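1. this is a predicted model, with the sequence first.
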Amino acid sequence: MTLDPDPAPAAKPAAPARTGAATAPRAEHPGIEAARMFLRNPAAIAGMVLLLIVLAVAIAGPWLYPADPFEIKAAPLTPPFSEEAWLGSDYLGRDVLTALIYGGRATLQVGAVAALLSVLIGITLGAFAGYYGGKVDAVLMKITEFFQVLPALLFAMVVVTLFSPTLVTVTLAIGVVSWTGTARLTRAEFLKYRGLEFVRAERAIGARDARIIWKVILPNALPPLVVSATLAIGAAILFEAGLSFLGLGDPNQMSWGLMIGSSRQYVLSCWWAVAFPGAAIFVTVLAVSLIGDGLNDALNPKLRER
């Protein structure tokens with residue numbers, strides 16, 4: 001009698017699929033993450049709204065309210081909320097509202113262009129100093145230290161006095177004397193990045209110094225420089241107001257600083273001619289500062305982890 005062979009073992013049932021398998025989280029683009037963090041900052045949003053209002057008034061105001069800011073429109077020292085002048089008139093009878101609208105263009109233009117010039121000078125010198133080091137770094141830092149210890153306001157006054165007080169010379173003077181902080185910040189960032197692996201890899205494949213400086217290191221060093229550039233706009237606006245207050249602004253171009261400077265002797269009898277442009281400068285600088293703080297929180301990885 002023969003025994004049947006052992007039956008083939010039954011196939012094991014397939015294991016059920018894991019429905020809750022964890023998947024690797026998709027990395028968020030740093031720019032999108034920074035924008036999301038910026039939009040979650042109420043102070044930064046408030047600053048953005050304030051700045052947009054100021055820009056809208058400065059850009060669209062002259063079209064919607066065409067007038068000459070130097071024209072005599074009311075009796076001198078007319079108080080605010082009168083029929084002749086909504087915000088009053090200054091000691092000559094010029095409309096404060098008209099001067100405020102048209103003066104915003106010049107003030108914002110000086111602030112933006114002077115800050116841009118300051119940032120360009122600072123980034124260029126700081127990048128070369130931090131990347132090359134050695135004698136180049138020593139020479140450029142000596143130049144930076146010279147401008148840093150030089151009284152900025154005094155130097156700007158000398159420049160404006162030598163080359164006639166126009167809007168262009170005021171802008172150039174502010175930009176030339178206010179770049180040292182950006183240069184030092186840029187140098188520190190380049191010193192931090194120039195020895196990292198991705199920079200050494202670029203050198204190994206034969207990349208030129210210009211490519212490494214402007215296309216490899218600079219994009220990684222931009223976050224703190226963007227914050228510095230934003231804050232430089234507010235500093236340039238205050239600088240222009242200070243020069244105009246001292247009588248070194250462009251007398252043919254209405255600006256908020258010129259409004260304050262020309263009416264400073266009548267502040268007790270014509271306070272509105274000083275208070276309204278002063279409030280405009282305060283609001284604009286505050287808005288820029290809030291935006292700068294928001295950008296700092298959004299672009300700084302250490303602050304984003306809070």
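-> Thanks, I have the structure now. Residues are numbered from 1 along each chain as shown.
2. all contacts plus neighbour counts: C-alpha atoms, from now on.
-> OK.
3. and Thr78, what does it touch?
-> If you count contacts by C-alpha atoms under 8 Å, 6 or more residues apart in numbering, Thr78 has them with 85, 88-90, 93.
4. mind redoing it with 7 Å?
-> Each residue near Thr78 by C-alpha atoms under 7 Å, 6 or more residues apart in numbering is listed here: 88-89.
5. helices or strands up against whichever strand or helix holds Ala173?
-> If you go by DSSP states H and E, Ala173 is part of helix 167-177. If contacts are counted by 3 or more C-alpha pairs under 7 Å, 6 or more residues apart in numbering; DSSP states H and E, helix 167-177 sits against helix 96-132, helix 152-162.
6. spatially central residue for the protein, please.
-> The residue lying closest to the centre of the chain (C-alpha atoms, centre = their mean) is Thr230, at 1.3 Å.
7. one step back: next helix or strand past the helix holding Ala173?
-> Heading C-terminal from helix 167-177 (DSSP H and E), you reach helix 180-193.
8. so the next helix or strand after that following helix versus helix 180-193, what angle?
-> Scanning forward in sequence from helix 180-193 by DSSP H and E, the next helix or strand is helix 197-204. Calculated by axes from the mean of the first three to the mean of the last three C-alpha atoms, to 10 degrees, helix 197-204 forms an angle of 80 degrees with helix 180-193.
9. tell me the mean pLDDT for helix 197-204?
-> For helix 197-204, mean pLDDT rounds to 91.
10. mind listing what's buried in that helix?
-> The neighbour-count check on helix 197-204 (16 or more other C-alpha atoms under 10 Å) flags Val199 as buried.
11. and it, how far from the chain's centre?
-> Centre-to-centre, helix 197-204 and its host chain are 31 Å apart (C-alpha atoms, centre = their mean, to the nearest Å).
12. okay, helices next: where are they in the stretch 1-150 of the chain?
-> 30-39, 42-64, 96-132, 134-149 (DSSP state H, counting those that start in this stretch).
13. could I get the ones you listed as CSV with mean pLDDT and distance to Val285?
-> CSV is the format used below for the helices of the stretch 1-150 of the chain (pLDDT from 0 to 100; distance: least, C-alpha to C-alpha, whole Å):
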stretch, mean pLDDT, distance to Val285
helix 30-39, 80, 19
helix 42-64, 92, 9
helix 96-132, 93, 10
helix 134-149, 93, 23
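14. how about the ones you listed in JSON lines, adding distance to Ile174 and mean neighbour count?
-> Compiled in JSON lines, those are given as follows (distance: least, C-alpha to C-alpha, whole Å; neighbours: other C-alpha atoms under 10 Å):
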{"stretch": "helix 30-39", "distance to Ile174": "29", "mean neighbour count": "15"}
{"stretch": "helix 42-64", "distance to Ile174": "21", "mean neighbour count": "16"}
{"stretch": "helix 96-132", "distance to Ile174": "6", "mean neighbour count": "23"}
{"stretch": "helix 134-149", "distance to Ile174": "12", "mean neighbour count": "14"}
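15. of the ones you listed, which is nearest Phe70?
-> Across these, Phe70 has its closest neighbour in helix 96-132 (7.5 Å, C-alpha to C-alpha).
16. the closest one packs against which elements?
-> So helix 96-132, by 3+ C-alpha pairs under 7 Å, 6+ apart, packs with helix 42-64, helix 134-149, helix 167-177, helix 180-193, helix 218-245, helix 256-262.
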